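Trainee: sequence first, then the predicted structure, then my questions.
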Amino acid sequence: MSLLDIDEAVVAVLEKADIVFGPLVDAQEWPEDVDVAVIEGAVSSQDDLELAQTARARSKFVIALGDCAVTGNVPSMRNGIPPAKLLERVYVEGATERPGVPTDGVPALLKQAGPLHSAIKVDLHVPGCPPKPEAILFVLGELLEGREPDLGTKLRFG
Amino acid sequence: MTEKVKVRIDGQVIAATPGQTILQAARDNDKYIPALCYMEGLSAVGACRLCMVEVSGVARLLPACTTPVQEGLAVNTSSPQLQSYRKIALELLFAERNHVCAVCVSSGHCELQTLAQEHGVTYVRYPYNFPKLEVDTTHPKFVLDHNRCILCSRCVRTCAEIEGAHVWDVAGRGIQSRLVSELKRPWGEATSCTSCGKCVQACPTGAMAEKGFGVEEMTKKPAVVGRLTSMRGGR
């Protein structure tokens, strides 16, 4: 969704590219033969892992966008605590009403939340929390021109 | 006037004072060599390995912060090989503990974060260690977050060499090494601590901070602490 941080520039991008999957479109399945996958967020649950693997298998170029996808960031701050203990603490000890760890319709947590490249091969990392809109636009612009973006020393974590 | 020695740094001949290290001579001549554990006014320990340089005639790399200048020394400070090693050293620092810039008081003013950016670190190639570490909030004014500590020992040396209290030390070995106050007492119970806060100012990351600051709010002045040494004539 950080894609929207580029504001009206998104129109120019959409003149050259189609968004085929993601929270902005209706598609339920990751399509085949995707040119560029822009993935945000740490790999935290079983569903995240499977989606990342599908994305990798069906996309030519994968970008990890933002600190969560690049470093694990805030989601990884739970990593020192075993998932069962963590869920117990939040949903049982911390609950004022109907205590109980939810199991229906929520994916199982992985033992640790990790950066995207801990799960799949990543072609480009764009750090930042959030990444600067200019950086997102630069990356998309370069890719649309058929060049591999070189971020050099433009970006930092956080 | 002391006799100067001529050294060549990245091809440029500079006149250095005998007894100076390569790092000091370079910085006196506006030549930048990155470093994290070095701080002006403190003894040098060569711990962070970021200031490694190539010295002609020496087969291995040498830390600029602990290598004294010699007449005729020729130093290369930023070959592609050195830059790649520095990137590795920085990435290993990030992998060792939990450096979550997004929630850090020092984000935007952090020496580790800045160096990573300068070296084009956009991700960490090594698996993160994700250790479970303590945050010591027992001191009334300051906080120590081990998640962000890189064991540079600038706080240790500041407290021992400038304040003269020697509250801090590094205990344990290897990956288990931890900064400790007074033989592992909580900071708030360390009776030798004068609460001067110079260790906090010397800390290059958000590991030590004053209480009451939010994300990106803590700025530090290590140069001011280091200057105290020269103000009292290096004693």
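Mentor: Looks like it arrived, so ask away. Please read all numbers here as calculations on a predicted model, not as lab measurements. Numbers count the residues shown, from 1 in each chain, chains lettered A, B, ... in the order given.
Trainee: what's the longest helix seen in chain B packed up against?
Mentor: Counting by DSSP state H, the longest helix found in chain B is helix B:80-96. Packed against helix B:80-96 by the contact rule (3 or more Cβ pairs under 8 Å, 6 or more residues apart in numbering or on different chains; DSSP states H and E) you find strand B:52-55, helix B:111-118. All C-beta atoms are positioned from the backbone trio N, CA, C, and that covers glycine.
Trainee: who's in contact with stretch B:16-36?
Mentor: Stretch B:16-36 is touched from outside by B:2-7, B:9-10, B:12, B:14, B:38, B:44, B:48, B:50-51, B:53, B:55, B:62, B:64-69, B:73, B:75, B:77, B:86, B:93, B:111-112, B:115, B:118-119, B:150, B:152, B:204, with contacts defined as Cβ atoms under 8 Å, 6 or more residues apart in numbering or on different chains.
Trainee: that should have said stretch A:78-95, apologies.
Mentor: Here stretch A:78-95 has contacts from A:72, A:99-102, A:109-113, B:98, B:128, B:130-133, using Cβ under 8 Å, 6+ apart.
Trainee: can we see that at 7 Å?
Mentor: Here stretch A:78-95 makes contact (Cβ atoms under 7 Å, 6 or more residues apart in numbering or on different chains) with A:Pro99, A:Gly100, A:Val101, A:Pro102, A:Leu109, A:Lys111, A:Gln112, A:Ala113, B:Phe130, B:Pro131, B:Lys132.
Trainee: send over stretch A:119-137 as CSV, restricted to the C-alpha atoms.
Mentor: Output of stretch A:119-137 as CSV, limited to C-alpha atoms (Å, rounded to 0.1, in the frame of the first residue of the first chain):
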residue,chain,number,x,y,z
ALA,A,119,12.1,-17.2,2.8
ILE,A,120,12.6,-16.5,-0.9
LYS,A,121,15.2,-15.0,-3.3
VAL,A,122,14.8,-11.2,-3.4
ASP,A,123,16.1,-9.2,-6.3
LEU,A,124,16.0,-5.7,-4.8
HIS,A,125,15.7,-4.4,-1.2
VAL,A,126,14.1,-0.9,-0.6
PRO,A,127,14.5,-0.2,3.1
GLY,A,128,12.8,2.6,5.0
CYS,A,129,10.0,2.8,7.5
PRO,A,130,8.2,3.9,5.4
PRO,A,131,10.4,4.0,2.3
LYS,A,132,10.6,7.5,0.8
PRO,A,133,8.0,8.0,-2.0
GLU,A,134,10.8,9.3,-4.2
ALA,A,135,12.6,6.0,-3.7
ILE,A,136,9.5,4.0,-4.7
LEU,A,137,9.0,6.2,-7.7
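Trainee: check the offset of that stretch from the chain's centre.
Mentor: Mean-position distance between stretch A:119-137 and its chain equals 9 Å (Cα atoms, centre = their mean, to the nearest Å).
Trainee: list of residues touching it?
Mentor: A:2-3, A:5-6, A:9, A:43, A:49, A:52-53, A:56, A:61-67, A:70, A:73, A:116, A:139, A:149, A:151, A:154-158, B:101-102, B:122-123.
Trainee: what mean pLDDT does that stretch get?
Mentor: The average pLDDT within stretch A:119-137 is 96.
Trainee: in it, what counts as buried?
Mentor: A:119-120, A:122-133, A:135-137 (16 or more other Cβ atoms under 10 Å in any protein chain shown).
Trainee: ok so, going back, let me have the helices and strands packed on helix B:80-96 in a markdown table, extended by mean neighbour count, mean pLDDT and distance to A:Val25.
Mentor: Output for those, formatted as a markdown table (neighbours: other Cβ atoms under 10 Å in any protein chain shown; pLDDT from 0 to 100; distance: least, Cβ to Cβ, whole Å):
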| stretch | mean neighbour count | mean pLDDT | distance to A:Val25 |
| --- | --- | --- | --- |
| strand B:52-55 | 20 | 98 | 50 |
| helix B:111-118 | 21 | 97 | 34 |
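Trainee: closest to chain A out of those?
Mentor: With respect to chain A, and counting by Cβ to the nearest Cβ, the nearest of the helices and strands packed on helix B:80-96 is helix B:111-118 at 3.9 Å.
Trainee: pLDDT score for the residue sitting nearest the centre point of chain A?
Mentor: The geometric centre of chain A, computed from its C-alpha atoms, lies nearest to A:Glu40 (Cα atoms, centre = their mean), at 1.8 Å. Looking at A:Glu40, its pLDDT stands at 97.
Trainee: and B:Gln83, by the same measure?
Mentor: Confidence score, pLDDT, at B:Gln83: 97.
Trainee: now do the helices in chain A.
Mentor: A:9-16, A:46-58, A:67-71, A:83-88, A:133-144.
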